[in-house]
Structure formats: C-alpha cells, structure tokens
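>>> based on what follows, work out the 3D shape:
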Amino acid sequence: MLELCFDMSTRGALRVAQHCGGGGKGAVGVIVAASDQGDPVAEQAARRAAEAFRRRQEELEREAVPLGGSPNDVLTLSLGLDMGDIREPLGEVRYQLQRQWYDGENEIADRDWGRNLEAAECLKACGPGDTIRIWADRTPHSACGLLHAASLLKDTKAAVHVVFLPLWRETGDGKTLVSYLGWGEVEPELFGHFLSHEIPVPPVALGAMAHQWEALRRENAPLRAVVNGQVRSVGENFYDEMIRRHIPEGQTKIANIIGDVLGWEKPGIGDVWLAERIRWMLSAGELRMVREDPERFYRSVVERA
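Reported below is the predicted structural model:
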C-alpha cells in the first residue's frame, strides 16, 4: 500500500501515523516559552502548557490507530499546483518557481524537489497489483494535487483509493466537534480514525479527473481555487479582498496581515501567495512601506497609502 499526500507536513504525519501508539512512538512536540528569566508568572504558564501537552499526548496514545506499512511507502507531490505555471508540473520552470518559495533554503528545496520527482516516477511505474491510497482535502493545493495524481495514475491499472478529510470529527466524549481545513492540521495518531472515509476511485473517475487537469494546464491561469467544490482557474487578484479586510488603520507588520488572513479567512492557501499580493499592493501604491526589513519581508512594516 502506497500512501500519497500533497504537502511535506502531511508526509511527516503519515510516517508517524504508520506506527503510532504503544507508548512514546507518537508525534514529537516542542513547547517554547519566551520570557524574562526568573519571571514566576511565565514559568507557571510554561509548566501548565507542558502539562496540558503531556495529557494530550497520553490521550492521543490511547486513541491511536496505526496505519501500518513502511515509511518508504509514503509519497508526496508537494508541488503547490494551485499557484503559478502548471504547463509542466515537474519541469524546469516549476522547479525554479518552487525554489523561490523556499526563501534561499536551496538545499531543502532541492531535497524536497527530489522527493517529488521520485514520487511521480513511483506512481507512473505502478501496475495492476499495486494499491495507492490518496489523502486529499479541500485546500486548493490538495485539490489540484489530486487531479495531477489522477493524470499520472489513469493508465496504470493500479487500485486507487481516496480518503477525503471530512468537515469535522466528533470527539470521543461526543460533546465536541473538531473542524479541519487540511490534513496538515490532523494529529498523526488520528489518521487511522478516518479510514472509514476511504473510497475506491473507479477508472472512469480517474479519467475524468485527468481530463480536468489537462484543461487546467491548457488554461494555465496564475492561480487555481476551489469554487463551489470544484477546482477553477481564477485571476491573480482572487484573494485580494481577503487581504484588504485585514489591513488595519495605522502601521502594522506584514506578518500580522498574513497571519490574520490565514487565521480568520482560512482560504486554504499558504502565506507565499499572500506575500506576493502584498508586494503587488506596495508596487501599485495601495500600501506604503514604512520600515523595510531587507532580510525578512514579513517583518517589514506597512500602512495604507
């Protein structure tokens, strides 16, 4: 069984999910507390946070449903195909675009790109005796990734299954609903709980998705979004109104604007595109740079022009 996902965060979670539970084999968490040394209030807060984390991890260990399999079975096509040129999803233009998103971390960018290429080759080499389980959600990059994966798998005759992330999950006590946008928000120990949502994908459906992907490639819009449940080519200004709603009066850091858009609007798109649109607003004179940080764009301070 091959496991396929569409971002590196979910790849890591799936690898943990394969053998989670059983005491101490679950996710690893880090708690960071920043305060003046010796501040008793901060120290108490840090202890409470650590205790809450420990209790949550114990609860997850009890709930864990391991997926089984080998870490080598987990594949990712972390290509961000909702943004930019998709005429050749695994070609040189796409590679250079991906590199830009890593903000100078070229070694990590090249490593992840290599994983994408290996995953694509592995999928294309599948045959009638192989099974691929795809973990898909309603974020634009995952929706595009699913269509692209269908184009790679449509002629392989492999058995393809999809686990669609539901809108919410009821907790064990039956009193709370937890909502998710993407698989990257799901704790590894809980992945196995969603196997009841796994469905087979018939060849005709793979063909239809592959056809839709080819249409999107021909359109090659600057951006793709999920509109009424379907992936659609949209203009580069599609998310601009969301950004404008979170530009306050007065001065603010770019990181604050992006954080508010992601936190309140939940557009399903990452910070990279939002940062690019803020750059465009600066160049168009809609925003004014108050204090530029030459090393970290997100730390720069802007205001309405």
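>>> for the rest of this, base every contact and every neighbour count on C-alpha atoms.
OK.
>>> next, the buried residues of stretch 235-252.
By neighbour count with 16 or more other CA atoms under 10 Å, stretch 235-252 contains the buried residues 236, 239, 242-243, 246-247, 252.
>>> nope, stretch 270-283 is what I was after
270, 273-275, 277-279, 281-282.
>>> average pLDDT across it?
Stretch 270-283 carries an average pLDDT of 96.
>>> export it as CSV, just CAs?
The C-alpha coordinates for stretch 270-283 follow below in CSV (Å, rounded to 0.1, in the frame of the first residue of the first chain):
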residue,chain,number,x,y,z
GLY,A,270,-0.4,29.3,2.0
ASP,A,271,1.4,32.5,3.0
VAL,A,272,3.6,32.6,-0.1
TRP,A,273,0.8,33.9,-2.4
LEU,A,274,-0.5,36.3,0.1
ALA,A,275,3.0,37.8,0.5
GLU,A,276,3.3,38.1,-3.3
ARG,A,277,0.0,40.0,-3.4
ILE,A,278,1.1,42.4,-0.7
ARG,A,279,4.2,43.0,-2.7
TRP,A,280,1.9,43.9,-5.6
MET,A,281,-0.1,46.2,-3.5
LEU,A,282,3.1,48.0,-2.5
SER,A,283,4.2,48.4,-6.1
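>>> residue contacts, Glu241?
Residues in contact with Glu241, defined by CA atoms under 8 Å, 6 or more residues apart in numbering, are absent; none qualify.
>>> then Val234?
Per CA under 8 Å, 6+ apart, neighbours of Val234: 221-225.
>>> one more time with 7 Å, if that's ok
Val234 makes contacts with 221, 223-225, as judged by CA atoms under 7 Å, 6 or more residues apart in numbering.
>>> tell me the bridge partners for it.
Leu223 (DSSP bridges).
>>> report pLDDT for it.
For Val234, pLDDT reads 98.
>>> rewinding a little: which member of the contacts of Val234 is positioned nearest Gly21?
Set against Gly21, the nearest of these by CA to CA is Ala225 (36.4 Å).
>>> surely Tyr102 and Ala109 touch.
Yes: assessed by CA atoms under 7 Å, Tyr102 is found in contact with Ala109 at 6.1 Å.
>>> low-confidence bits of the protein, can you list those?
For the chain, the stretches with pLDDT under 70 are 22-38, 41.
>>> biggest helix in it, by residue count?
Ranked by residue count under DSSP state H, the longest helix found in the chain is helix 40-63.
>>> list the strands paired with the next helix or strand after it, with their directions.
Sequence order places strand 74-76 as the next helix or strand after helix 40-63, per DSSP states H and E. Next to strand 74-76 in the sheet, as set by DSSP bridges, lie strand 2-5 (parallel).
>>> could you point out the helix or strand that follows the strand it pairs with?
Following strand 2-5 in sequence, per DSSP H and E, is helix 8-17.
>>> which positions within that following helix qualify as buried?
Quick answer for helix 8-17 (16+ other CA under 10 Å): 8, 10-17.
>>> among these, which two are most distant?
Across the buried residues of helix 8-17 (CA to CA), the longest gap, 14.1 Å, separates Met8 and Ala17.
>>> which residue ranges of this structure form strands?
Residue ranges of the strands in the chain, as given by DSSP state E, are 2-5, 74-76, 131-136, 159-164, 168-170, 177-179, 198-200, 223-227, 230-234, 252-253, 287-291, 301-304.
>>> as CSV, those strands with distance to Cys144 would be great.
Shown next, in CSV, are the strands of the chain (distance: least, CA to CA, whole Å):
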stretch, distance to Cys144
strand 2-5, 12
strand 74-76, 13
strand 131-136, 10
strand 159-164, 14
strand 168-170, 22
strand 177-179, 22
strand 198-200, 19
strand 223-227, 8
strand 230-234, 7
strand 252-253, 31
strand 287-291, 31
strand 301-304, 33
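>>> quick one, which of these gets closest to Ala50.
Closest among those, using CA to CA: strand 177-179, at 21.9 Å.
>>> what are the pairing partners of that closest one, and which direction each?
When DSSP bridges is applied, strand 177-179 pairs with strand 168-170 (antiparallel).
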